[in-house]
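Asker: Fold the following, please.
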Amino acid sequence: MKYDDASWHYGGDFPVDQPAEHGGTHIALFLRWCLTKGWAGEWLQEESPDDITDVMNGTQSATAFLFAHDGKFVDDMLNDEGKAFANQYYGEDGLYLEDYSINFGHLMYVAPEDAHDFDQFSAMMEQRLKSGILTKAQFKATKKWWKFW
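Answerer: This is a model prediction of the structure:
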């Protein structure tokens with residue numbers, strides 16, 4: 001299953017003066033965080049163990065890593081735990097793009113990966129993981145009907 005593809009982003013409303021890599025930054029950051037959680041899939045572990053380590057410690061950009069894999073974020077990149085998280089949070093009904101927009105929307109499509117504060121990004125991801133609320137449906141279910149404000 002394909003979660004995302006940078007080519008979906010650098011077409012359409014993408015700023016014409018930006019490199020295609022900026023269309024994959026939000027994907028790459030998510031992937032890097034998953035790798036730091038130890039959620040690399042068996043395929044990636046066998047194919048790119050040194051690259052995984054380099055991405056995790058920041059000596060290789062996750063964006064370069066993503067584009068070395070055709071700019072595609074697919075489920076085989078993650079182990080079962082990572083897939084379970086990504087299927088909900090990055091999925092069609094997931095809250096990832098909303099969370100990213102709230103925290104980093106000013107950087108979307110116009111800034112490289114290193115312009116993002118990965119510690120802040122990780123904190124956002126950890127908070128969402130700990131909340132257990134990963135989808136829009138779960139989020140709506142936590143709101144009380146009598147609270148209009």
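Asker: Would you mind listing the buried residues in stretch 117-131?
Answerer: 121, 124, 125, 128 (16 or more other Cβ atoms under 10 Å). C-beta here means a position set from N, CA and C on the backbone, and glycine is covered the same way.
Asker: What about the residues you listed, which are in helices?
Answerer: 121, 124, 125, 128 (DSSP state H).
Asker: Of those residues, which is the nearest to residue 39?
Answerer: Lowest distance from residue 39 to these (Cβ to Cβ) belongs to residue 125, with 11.5 Å.
Asker: in this protein, which residue is closest to the centre?
Answerer: Taking Cα atoms, centre = their mean, the centroid of the chain lies closest to residue 30, which sits 2.3 Å from it.
Asker: OK, contacts around that residue?
Answerer: Residues near residue 30 by Cβ atoms under 8 Å, 6 or more residues apart in numbering: 73, 86, 90, 96, 125.
Asker: Show me the shaky parts of the protein.
Answerer: Within the chain, the ranges that satisfy pLDDT under 70 run 11-12, 141-149.
Asker: Tell me where it has strands.
Answerer: 2-5, 72-74 (DSSP state E).
Asker: So which of those strands is nearest residue 54?
Answerer: strand 72-74 (17.9 Å).
Asker: Identify the residue nearest residue 108 in space, chain neighbours excluded?
Answerer: Nearest residue to residue 108, sequence neighbours excluded (Cβ to Cβ, 6 or more residues apart in numbering): residue 26, at 6.3 Å.
Asker: nope, residue 115 is what I was after
Answerer: Excluding the flanking residues, the one nearest residue 115 by Cβ to Cβ, 6+ apart is residue 107, at 5.7 Å.
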